[in-house]
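Enquirer: mind looking at a prediction? Sequence and model below.
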Amino acid sequence: MESNNKGKDFCMFALPGLFCFVAVVIVPFVYGVYLTLTDWNGVSKVKNFVGLKNLAGVMRDGQFWTSLLLTFKYVIVVVLLVNVLAFGIAYLLTRGMKGQNFFRAGFFTPNLIGGIVLGYIWQFVFSRVFVNIGETTGWKLFEVSWLSDPDKAFAALVLVSVWQLSGYMILIYVAGFMGLSEDVMEAAQIDGASGFVKLKSIIMPLMMSSVTICLFLTLSRAFMVYDVNLSLTAGAPYGTTEMAAMHVYEKAFTSRQFGVGQAEALILFVIVACISGIQVYLTKKQEVEA
């Protein structure tokens, strides 16, 4: 009877989720791997088998590796800024300051705006609002649109991403701070730990579970950035802000080289999976229990 009940519970609760996961994730992934071995252009019914020819094409695609290097630079900057900023703000918002619930909601709001809409909003800000401020005040930093200069366009992309992602990470860090044991905090205070020592030796080790989650989320989202990249800069100026995900899309859907594009997507997936796996493994080892 017990085994029958377990079977019914599995069919009622786990089976629908398992079916959706296989249909939405596993099957497309396997089909994508198959496409890397063909010369399909996305339109024709014929898919000729070409073996590893597409991977050789990836190795010759200098623009892909340039965009991948730019993506690594973007990921490093965004992940560091988002987590440092979110951790610091979450720490302040759990110290009992007046109106902290209002500020929590306010910081989370940018995360509710879709990346495409967010990019167009900030495109207007950089191209019109900042330029008008520069013309009025004479500040050289804002005299010309940031989106027309390669270095400033990259900085603009980082700024928008940090502004969008920080709110969600703040909530996770706030939950972590609120879950800290008051007994441990009081014991640390009695022992004389305060300020930076308390943060480094007591709070940080207990917050590592939240750090693990936030680092994983920011890493995966930063590596796969596409919507903000498309709507804010579209790779401009002159393709200097084209991230890897955007290049993969252009290769597959614009250049009609689905095999090469899928091979590049597979390489990007492996890189993200390996880096994220290593990050989770290393940060999990640092976690402690109160």
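Expert: Yes, it's here. Residues are numbered from 1 along each chain as shown.

Enquirer: ok, the most centrally placed residue in the chain - contacts?
Expert: Closest residue to the average C-alpha location of the chain: residue 221 at 1.7 Å, with C-alpha atoms, centre = their mean. Residue 221 makes contact with residue 165, according to C-beta atoms under 8 Å, 6 or more residues apart in numbering. The C-beta positions use only the backbone N, C-alpha and C, and glycine is treated the same way.

Enquirer: for the stretch 51-200 of the chain, just list every one of the helices.
Expert: Secondary structure of the stretch 51-200 of the chain, counting by DSSP state H, counting those that start in this stretch: helices at 53-60, 62-92, 100-112, 115-124, 130-137, 150-178, 182-190, 195-198.

Enquirer: let me see the mean pLDDT of stretch 20-31.
Expert: What stretch 20-31 shows for mean pLDDT is 92.

Enquirer: quick check: end-to-end length of it?
Expert: 16 Å (C-alpha to C-alpha, to the nearest Å).

Enquirer: now do the same end-to-end measure for stretch 185-205.
Expert: OK, stretch 185-205 end separation, C-alpha to C-alpha: 13 Å.

Enquirer: can you list contacts of it?
Expert: So stretch 185-205 is contacted by 177, 180, 184, 211, 286, 287, 288 (C-beta under 8 Å, 6+ apart).

Enquirer: can I assume the fifth one is in contact with residue 207?
Expert: No. Taking C-beta atoms under 8 Å as the definition, residue 286 is not a contact partner of residue 207, at 10.0 Å.

Enquirer: quick one, which of those two is more surrounded?
Expert: residue 207 (23 against 13; other C-beta atoms under 10 Å).

Enquirer: OK, contacts around the more buried one?
Expert: 87, 173, 176, 177, 180.

Enquirer: one more pass at 7 Å, please.
Expert: By C-beta atoms under 7 Å, 6 or more residues apart in numbering, residue 207 lies in contact with residue 176.

Enquirer: neighbour-wise, which of the contacts of stretch 185-205 leads?
Expert: Highest neighbour count within the contacts of stretch 185-205, by other C-beta under 10 Å: residue 211, with 21 neighbours.

Enquirer: distance of that residue from residue 179?
Expert: Residue 211 sits 13 Å away from residue 179, taking C-beta to C-beta, to the nearest Å as the criterion.

Enquirer: again, but for residue 74
Expert: Separation of residue 74 from residue 179 (C-beta to C-beta): 31 Å.

Enquirer: settle it for me: which of the two has more neighbours?
Expert: Taking neighbours as other C-beta under 10 Å, residue 74 and residue 179 compare with residue 74 leading, 22 against 12.

Enquirer: surely that one meets residue 243?
Expert: Yes. Using C-beta atoms under 7 Å, residue 74 is in contact with residue 243, at 6.4 Å.

Enquirer: mind listing residues that contact stretch 268-282?
Expert: Against stretch 268-282 from outside (C-beta under 7 Å, 6+ apart): 212, 215, 216, 219, 220, 223, 244, 248.

Enquirer: in it, which residues are buried?
Expert: Buried positions in stretch 268-282, judged by neighbour count with 16 or more other C-beta atoms under 10 Å: 268, 269, 272, 276, 279.

Enquirer: return it as PDB; C-alpha atoms alone will do.
Expert: In PDB, the C-alpha atoms belonging to stretch 268-282 read as follows (Å, rounded to 0.1, in the frame of the first residue of the first chain):
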ATOM      1  CA  LEU A 268      29.200  29.400 -23.900                       C
ATOM      2  CA  PHE A 269      27.000  26.900 -21.900                       C
ATOM      3  CA  VAL A 270      29.900  24.700 -21.000                       C
ATOM      4  CA  ILE A 271      32.000  27.800 -19.800                       C
ATOM      5  CA  VAL A 272      29.100  29.100 -17.700                       C
ATOM      6  CA  ALA A 273      28.300  25.700 -16.300                       C
ATOM      7  CA  CYS A 274      32.000  25.100 -15.300                       C
ATOM      8  CA  ILE A 275      32.500  28.500 -13.800                       C
ATOM      9  CA  SER A 276      29.200  28.400 -11.900                       C
ATOM     10  CA  GLY A 277      29.900  24.800 -10.700                       C
ATOM     11  CA  ILE A 278      33.300  25.800  -9.400                       C
ATOM     12  CA  GLN A 279      31.900  28.900  -7.700                       C
ATOM     13  CA  VAL A 280      29.200  26.900  -5.900                       C
ATOM     14  CA  TYR A 281      31.700  24.300  -4.800                       C
ATOM     15  CA  LEU A 282      34.200  26.800  -3.400                       C
END
